[in-house]
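Trainee: structure, please.
(2 chains)
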There are 2 protein chains.
Amino acid sequence: MSGEDAAPAQQQNAVDQKQETKPAEEPKTEPPKTEPAPASGAAEAAASPAAATEKVPEEEAFTYRALVLTGYGGYDKVKLQVKKGKPTLKAGEIQVRVKACGLNFADLMARQGLYDRMPSPPVTPGMECSGVVEAVGEEVTDRKVGDKVMVLSRFGLWQEVVVVPASHTFLIPEGMSFEDAAALPVNYITAYMMLFDFGNLRPNQSILVHAAAGGVGIAATQLCKTVKDVTVFGTASASKHETISQGGVTHPIDYRTKDYVEEVRKISPKGLDIILDPLGGSDTHKAYNLLKPMGKLITYGTANMLAGQKKNLLAVAKNWYHQFSIHTLSLIQGNKSVCGFHLGYLEGEMELITQAMDSILDLYKQGKVKPHIDSTWHLEQVGDAMRKMQERNNIGKVILTTEPMPEEEKKEEPKKEDKKEEKKKDDKKKDDGKKKDDGKKEEKKDDKKKEEPKKEEKKEEEPKKEEAKKEEK
Amino acid sequence: MSGEDAAPAQQQNAVDQKQETKPAEEPKTEPPKTEPAPASGAAEAAASPAAATEKVPEEEAFTYRALVLTGYGGYDKVKLQVKKGKPTLKAGEIQVRVKACGLNFADLMARQGLYDRMPSPPVTPGMECSGVVEAVGEEVTDRKVGDKVMVLSRFGLWQEVVVVPASHTFLIPEGMSFEDAAALPVNYITAYMMLFDFGNLRPNQSILVHAAAGGVGIAATQLCKTVKDVTVFGTASASKHETISQGGVTHPIDYRTKDYVEEVRKISPKGLDIILDPLGGSDTHKAYNLLKPMGKLITYGTANMLAGQKKNLLAVAKNWYHQFSIHTLSLIQGNKSVCGFHLGYLEGEMELITQAMDSILDLYKQGKVKPHIDSTWHLEQVGDAMRKMQERNNIGKVILTTEPMPEEEKKEEPKKEDKKEEKKKDDKKKDDGKKKDDGKKEEKKDDKKKEEPKKEEKKEEEPKKEEAKKEEK
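Mentor: Below you'll find the predicted structure:
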């Protein structure tokens, strides 16, 4: 399909799906409004491109907002900027108008310079997003303008417009909101491949899920529940236990007040069949010792390295020092398996990833899995969004939306930031169950947002039916 | 069931199954005959118990021949002796009259003092055997006198009579010879659990099987063929390629003349999904690098340590020096899995093992797997049997039979031994495809033996039908 073909199709789509394409038009007129909107001190960086495009006619300048990591460090290093120039599509690529983006631990690591899969700053972070196809390159046969898609990429998705290989996208099933679609790829593919490829999870087995209230934790718990009689031990702070229990965790463990190894041994003296370890360091050693014969330890991160907003050399060194290393003779004598997983290093394996995604979407359609959204934030609020995740205050997925931020919230923003800076130290001492005032305000706003997509979905039922049929093929 | 109940049942059985119980009666009268039979220089050790029992009435003295590792070292350290005294059965145990025993690499390692799962000498080696139940202890409900069983144990099965927990035995399916039954447990359970538990083998995957003509190699190849479109790379010396190709190896590789890594890369440039590694040392490193993303390396031995008849300290040190050790960060970045397996360390997990065995026996009944017997040897010939395996001259399983050795063969034995001692060095230089004269003679004898069990099976068809019904339950 040539670019010429794509354009009319896009317009056609704009007529059919008013709700959907509305945001796709807005950004073009919006940048002048946002200037100097980027609230987190990125004004100077964003000002020049935004100013440059201010007076240019709509048809000649293609601009879109993008989050850019400007240097390694704290939350304020990710700034909202305006990029300009219509991207060109190579063969096999599609252009997507982004609606929502997912936050992942790798993004937090990357900000501190601890993730080698992202190029040096300046660079746009973001491994997953959802949106609508607005142009398709040559040789793309399985995506068309107007398709609602999820996107997976090594980086670069936290912006309003992305150009990606069509093979890195998945059609969003009927009834799934853009927020859910942005929450799904990284967490569910990670959990799925760990449990069903490396883990080979089978009925009656027992498993330890660390950070069971996190994105991967909730996905893993839901996937465990698709297998008969699996016992899930899940660590989380006490305030999150009710939620994770409802989600399927059999034995919630408050890792802050109890030794999780002891707690597991009380119930399962012989140990566990599978342990998912996102922590690294000394926790990997504990996990290894907690495995049953034929048990599988699957390590997929080094969250223990993240201590504070900026790179903490002591935490990094400690993690390296305690890094788990294993001899084959020990594995043989223990009949154990140690696996490492990270989706960021698996980009060449889209066939495997697509197989996993197909299975996940089947489970979604059967109502067996559904992302749990913790909160949704505007691009301007990315710092707060990252803080919420890094301080482990989230239950489920933290999402960014590309929807424009209402003017009144923007005006409040600087005040909020000041308050937060003052409060930061106090907050750390508080139990994560107690929300800060700002947090509450934001959550109410999030609730509103959560309702919106549902309304939208009803309106769009008819065009979606067509898509669903395609997927069933 | 008390011991009193067991005795008449045993006699009953002796009447019903003449063919089968014949060997069970023979050993009682045989030891005097065998003295000083043990051909491998064990006469002095065997003589005293044998002599002691010579004049004792059959009912008062219960004697049986047993192979005993008398000290660490060469082939001659395993001596044929006569043990006396009727074993007492604890609750849950059964007494089995052994028909055939399997040789395993761990037995060879144990002889050199390289296997820590066997007690210090003097001790009877042997991890697997087949035979007929001749007494059952209290609380045994699922085995009865006359049942034909396979036995799995940490050690101690290379003798005519064994007492083992009933839970460590498996009923032999109808139509399976005692030789096949002795060849099956260790190799097939090992291959099955590696491929389907740790390996999670699925259609279209590719796998490297080292020593593809060995016991585990043949079992693994057959099991791979039960999964659709699995590509099997198998290493073996050229003379064995025809056999392993017929057995299901897609790409045989002569590891003696070619670099197997290069050969695999030519056909499968991205690497492999699963690698079974019985070698250890530097081959484990090669295997790790040859894995695809999401690939699984399953190491299950250190055959590279075995260099020569006696412990080779250089080989052992080299193996330790090159022992594979892996950091979790490397696993994460590679998306790889490293597993260790050894059935000898899994004795506490009879539930898992029995599940695997049930699946294997189902496949056997469907005709999808069948042990390949390389050769069968008398207990007196255990040294030759071990040599054949250690020098990699076998294709498939090396088996010991408890059948008495014909007198004429015994008389020849010392001569053979002398010849072999002289020939040993020459043999090593020769290609393993060329058999020595003695080897040929023995093989002819083996062929005869192979035919015998078949005849026996036909005769026993009626009693077996009853057993089969039980198994179907």
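Trainee: how about the residues of the stretch 351-473 of chain A by chain B?
Mentor: Applying CB under 8 Å from any CB of the partner chain, we find that the stretch 351-473 of chain A lies next to chain B at A:Leu352. Heads up, the C-betas are built off the backbone N, CA and C, glycines and all.
Trainee: now do the contacts for the residue of the stretch 351-473 of chain A found nearest chain B.
Mentor: Relative to chain B, the nearest point of the stretch 351-473 of chain A is A:Leu352 (6.0 Å; CB to the nearest CB). Contacts for A:Leu352 (CB atoms under 8 Å, 6 or more residues apart in numbering or on different chains) come out as A:Met193, A:Asp197, A:Leu346, B:Pro293, B:Met294.
Trainee: ok, now with 7 Å
Mentor: Contact partners of A:Leu352, counting by CB atoms under 7 Å, 6 or more residues apart in numbering or on different chains, are B:Met294.
Trainee: just how off-centre is the strand or helix carrying it within its chain?
Mentor: In this assignment (DSSP states H and E), A:Leu352 forms part of helix A:350-365. From the chain centre to the centre of helix A:350-365 is a distance of 17 Å (CA atoms, centre = their mean, to the nearest Å).
Trainee: contact partners of stretch A:148-155?
Mentor: A:96, A:117-118, A:123-133, A:143, A:157, A:162, A:164, A:168-172, A:181, A:184-185, A:344, A:347, A:353.
Trainee: quick one: which of those residues sit in strands?
Mentor: Among those, the members falling in strands (DSSP state E) are A:Val96, A:Glu128, A:Cys129, A:Ser130, A:Gly131, A:Val132, A:Val133, A:Val162, A:Val164, A:Thr169, A:Phe170, A:Leu171.
Trainee: let's have those residues in TSV, adding distance to chain B and pLDDT.
Mentor: Rendered in TSV, the data for the ones in strands among the contacts of stretch A:148-155 read as follows (distance: CB to the nearest CB, whole Å; pLDDT from 0 to 100):
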residue	distance to chain B	pLDDT
A:Val96	26	98
A:Glu128	18	98
A:Cys129	23	98
A:Ser130	25	98
A:Gly131	27	98
A:Val132	31	98
A:Val133	28	98
A:Val162	24	98
A:Val164	20	97
A:Thr169	20	97
A:Phe170	19	98
A:Leu171	24	98
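Trainee: how about A:Thr284: what's its closest non-neighbour residue?
Mentor: Nearest in space to A:Thr284, with sequence neighbours left out and distances taken as CB to CB, 6 or more residues apart in numbering or on different chains, is A:Phe324 at 3.8 Å.
Trainee: hang on, isn't the one you found packed against A:Lys286?
Mentor: No - between A:Phe324 and A:Lys286 there is no contact, the gap being 9.7 Å when judged by CB atoms under 7 Å.
Trainee: which ones are touching the closest residue to A:Gly137 other than its chain neighbours?
Mentor: Once flanking residues are discounted, A:Gly137 sits nearest to A:Leu89: 3.4 Å by CB to CB, 6+ apart. The contact partners of A:Leu89, by CB under 7 Å, 6+ apart, come to A:Gln95, A:Ala135, A:Gly137, A:Val163.
Trainee: helix, strand or coil for A:Leu89?
Mentor: Using DSSP: H, G, I helix; E, B strand; the rest coil, the structure places A:Leu89 in coil.
Trainee: relative to chain B, how far out is it?
Mentor: A:Leu89 is 28 Å from chain B, where distance means CB to the nearest CB, to the nearest Å.
Trainee: phi and psi next, for that residue.
Mentor: Torsion angles at A:Leu89 (phi, psi; degrees, to the nearest 10) stand at phi -100, psi 130.
Trainee: please apply the same query to the one 5 residues further on.
Mentor: Recorded main-chain torsions at A:Ile94 are phi -130, psi 160, according to degrees, to the nearest 10.
Trainee: and what of the one 4 residues further on?
Mentor: Recorded main-chain torsions at A:Val98 are phi -80, psi 140, according to degrees, to the nearest 10.
Trainee: you'd agree it is up against A:Val164?
Mentor: No - if you go by CB under 7 Å, A:Val98 and A:Val164 don't touch, sitting 10.4 Å apart.
Trainee: the two: which has the busier surroundings?
Mentor: Ranked by neighbour count (other CB atoms under 10 Å in any protein chain shown), A:Val98 and A:Val164 place A:Val98 first, with 29 against 20.
Trainee: residues in contact with the residue lying farthest from the centre of chain A?
Mentor: What lies farthest from the middle of chain A is A:Gln333; by CA atoms, centre = their mean that is 38.5 Å. By CB under 7 Å, 6+ apart, the residues touching A:Gln333 are B:His342, B:Tyr345.
Trainee: cool, and A:Phe198?
Mentor: Neighbouring residues of A:Phe198 by CB under 7 Å, 6+ apart: A:Lys296, A:Ile298, A:Cys339, A:Phe341, B:Ser337.
Trainee: can you tell me how far A:Lys156 is from A:Lys228?
Mentor: Just to correct that, residue A:156 is Gly rather than Lys. Here A:Gly156 is placed at a distance of 40 Å from A:Lys228 (CB to CB, to the nearest Å).
Trainee: between these two, which is the more surrounded one?
Mentor: The residue with more neighbours, out of A:Gly156 and A:Lys228, is A:Gly156; 19 against 9, by other CB under 10 Å.
Trainee: didn't that one look like it was pressed against A:Cys129?
Mentor: No - counting by CB under 7 Å, A:Cys129 is not a contact partner of A:Gly156; they are 9.5 Å apart.
Trainee: shared neighbours, those two?
Mentor: Common neighbours of A:Gly156 and A:Cys129, using CB under 7 Å, 6+ apart, are A:Val162.
Trainee: phi and psi next, for the nearest residue to A:Gln323 once chain neighbours are set aside.
Mentor: Spatial nearest neighbour of A:Gln323, chain neighbours left out: B:His327 (5.7 Å); criterion: CB to CB, 6+ apart. Main-chain torsions, B:His327, degrees, to the nearest 10: phi -90, psi 150.
Trainee: number of nearby residues for B:His327?
Mentor: Around B:His327 there are 14 other residues, counting by other CB under 10 Å.
Trainee: just the element for A:Lys79, please.
Mentor: A:Lys79 belongs to strand A:78-84 when assigned by DSSP H and E.
Trainee: C-alpha coordinates for that strand, PDB please?
Mentor: Taking C-alpha atoms only, strand A:78-84 is exported to PDB below (Å, rounded to 0.1, in the frame of the first residue of the first chain):
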ATOM      1  CA  VAL A  78      12.200  13.400  31.400                       C
ATOM      2  CA  LYS A  79      10.900  16.500  29.700                       C
ATOM      3  CA  LEU A  80       7.900  17.200  27.500                       C
ATOM      4  CA  GLN A  81       9.000  18.600  24.100                       C
ATOM      5  CA  VAL A  82       7.500  19.200  20.700                       C
ATOM      6  CA  LYS A  83       8.900  17.300  17.800                       C
ATOM      7  CA  LYS A  84       8.300  18.500  14.300                       C
END
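Trainee: which elements pack onto it?
Mentor: Other elements packing on strand A:78-84 under the criterion 3 or more CB pairs under 7 Å, 6 or more residues apart in numbering or on different chains; DSSP states H and E are helix A:43-54, strand A:63-69.
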